[in-house]
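>>> Kindly return the folded structure for what I paste below:
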Amino acid sequence: MTQQVRLGDFVGTQLEENFLDFDLTEIQEVLLALREESAIDLSHAEMLQQKSLRGADILSEYLGKIVKTIGYLEAKINSTKNKVALEYVSLDGSRITMEMRRFAGEASPEVEELLIKLAKAKGSKSVLEKKYDIIIKSHHYHKDIAAGMRKSVLGYNIPNNEKVPQGWE
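Predicted structure coming up:
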């Protein structure tokens with residue numbers, strides 16, 4: 001019997017992931033291979049497609065974890081702002097307005113620290129999304145190359161005298 005794999009195994013059990021420690025070594029190796037290697041034959045084009053999909057799989061797991069972390073940090077910022085605003089007391093004992101409470105919540109050091117973490121998480125998410133886009137585009141590029149090679153070099157799968165795409169003759 002195979003071991004059951006749950007969605008929680010992919011997104012993690014912690015509310016806040018240590019996203020700055022995500023290991024992107026394999027992703028960089030995939031990107032380097034995709035940059036330096038050219039599809040010289042059908043099997044090579046298909047291998048590059050598989051490398052692309054492996055990189056996309058890794059990145060999709062990291063993206064799930066970072067989206068969860070961003071949601072958690074946003075909620076934590078709101079609750080911390082509200083807590084600080086409710087606990088605010090005037091230094092001179094004067095009357096406190098709602099505006100004073102709101103400013104106290106927004107200016108608190110705890111909120112600033114959380115906002116910095118959120119900014120790092122959003123920046124990290126942007127990097128992961130860009131790398132994911134590059135890898136997926138590379139997969140489709142090599143898929144098109146493989147399809148062209150199948151049609152021109154191997155001479156099969158050409159229905160009703162369909163023209164071979166230019167450049168693949």
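>>> where does the chain have its least confident helix or strand?
helix 7-11 (a mean of 77; mean pLDDT, DSSP states H and E).
>>> where do the helices sit along this structure?
Here the chain has its helices, by DSSP state H, at 7-11, 25-36, 42-87, 98-107, 109-152.
>>> The longest one relative to helix 109-152, how many degrees between them?
Put plainly, it is helix 42-87. 160 degrees (axes from the mean of the first three to the mean of the last three Cα atoms, to 10 degrees).
>>> if I pick the residue nearest to residue 70 when sequence neighbours are not counted, what's in contact with it?
Counting by Cβ to Cβ, 6 or more residues apart in numbering, residue 70 lies nearest to residue 121, which is 5.0 Å off, once chain neighbours are set aside. For glycine as for every other residue, the C-beta is placed from the backbone atoms N, C-alpha and C. Applying Cβ atoms under 8 Å, 6 or more residues apart in numbering, we find residue 121 in contact with 19, 66, 69, 70, 73.
>>> Can I get the buried ones among those as something I can paste into PyMOL?
Entered in PyMOL, the line below selects the buried ones among the contacts of residue 121, by 16 or more other Cβ atoms under 10 Å:
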select buried, resi 19+66+69+70+73
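>>> Among the contacts of residue 121, show me the least confident.
In this model, the minimum pLDDT among those belongs to residue 19 (87).
>>> ok, it - contacts?
Residues near residue 19 by Cβ under 8 Å, 6+ apart: 62, 65, 66, 69, 120, 121, 124.
>>> ok, now how distant is it from residue 77?
16 Å (Cβ to Cβ, to the nearest Å).
>>> hang on, the earlier thing: give me the contacts around the least confident helix or strand of the chain.
With contacts defined as Cβ under 8 Å, 6+ apart, helix 7-11 is touched by 61, 64, 65, 68.
>>> Can you report how many residues neighbour the closest residue to the first one other than its chain neighbours?
Think residue 61. Among residues not flanking residue 61 along the chain, residue 10 sits closest, at 5.2 Å (Cβ to Cβ, 6+ apart). For residue 10, the neighbour count with other Cβ atoms under 10 Å is 12.
>>> cool, and the one 5 residues further on?
Neighbouring residues of residue 15 were enumerated by other Cβ under 10 Å; the total is 12.
>>> mind checking pLDDT for it?
Residue 15 is given a pLDDT of 82.
>>> swap in residue 60?
For residue 60, the pLDDT comes out at 94.
>>> Make sure it is actually in contact with residue 132.
Yes - between residue 60 and residue 132 there is a contact at 7.1 Å, judged by Cβ atoms under 8 Å.
>>> related to what we said a few turns ago, tell me the spacing between the residue nearest to residue 61 and residue 134.
Distance, residue 10 to residue 134, using Cβ to Cβ: 22 Å.
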